[in-house]
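1. My questions concern the predicted model and sequence given below.
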Amino acid sequence: MYDYWLIGAIVVMFIGVLGTFLPVIPGISLIFLAMVGYGFAEGFQKMTPLFLGLNLIAVLLSSGFDYLGTAWGARRFGASSSGTWGAVAGGLLGLPLGPFGAVAGAFIGAVAGELWHGRSIETALEAGVGTVLGLAGASALRFLLAMVMIIAFIWQVW
């Protein structure tokens, strides 16, 4: 019986991996929920409170990756605080439009923030590119974290 739960948990986890690149899927959270679901099925013998607690900390840390990556990328490429805030706001506003909307929104927000701050179009575009690179870096970090969580789960189960 646990085999079905294990297979289901692993399938949900790999859907969660997709969520590390697609903002419409709550990737890391889905992986954690699969762990908790499997824990319920097996009576929390292998999914111990300590194991789940450590993974919950990973989930909480991952929630800030997008915002920190966006801000870092914008700052690294010379964005002002207006460009940084514009990038974060644009990314959030673009989120309902899916992955493209989040990236495009962050880019447009950074450029708009820089232009509003009185910067040149070249500087504003550099800040926009930095924002997109920061988002890409955040996605890579979320992907690595997702893989570590899945490997830890498999290790814990076997």
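-> Looks like it arrived, so ask away. Residues are numbered from 1 along each chain as shown.

2. Helix, strand, or coil at residue 67?
-> Of the three states, residue 67 takes helix under DSSP: H, G, I helix; E, B strand; the rest coil.

3. How about it: what's its closest non-neighbour residue?
-> Nearest residue to residue 67, sequence neighbours excluded (C-beta to C-beta, 6 or more residues apart in numbering): residue 88, at 5.8 Å. All C-beta atoms are positioned from the backbone trio N, CA, C, and that covers glycine.

4. what residues does the helix or strand encompassing the one you found touch?
-> Per DSSP states H and E, residue 88 falls inside helix 81-94. Here helix 81-94 makes contact (C-beta atoms under 8 Å, 6 or more residues apart in numbering) with 66-67, 70-71, 73-75, 79, 100-114, 116-117, 119, 124, 127-128, 131, 134-135.

5. Give me the buried subset of those.
-> Listed as buried from the contacts of helix 81-94 are 66, 70-71, 73-75, 79, 101-114, 117, 119, 124, 127-128, 131, 134-135; burial here means 16 or more other C-beta atoms under 10 Å.

6. Quick check, pLDDT for residue 73.
-> We note a pLDDT of 81 for residue 73 in this prediction.

7. who touches it in this structure?
-> By C-beta under 8 Å, 6+ apart, the contact list for residue 73 reads 87, 130-135, 137.

8. From residue 144, how far out is it?
-> Residue 73 sits 17 Å away from residue 144, taking C-beta to C-beta, to the nearest Å as the criterion.

9. All good on my end, thank you.
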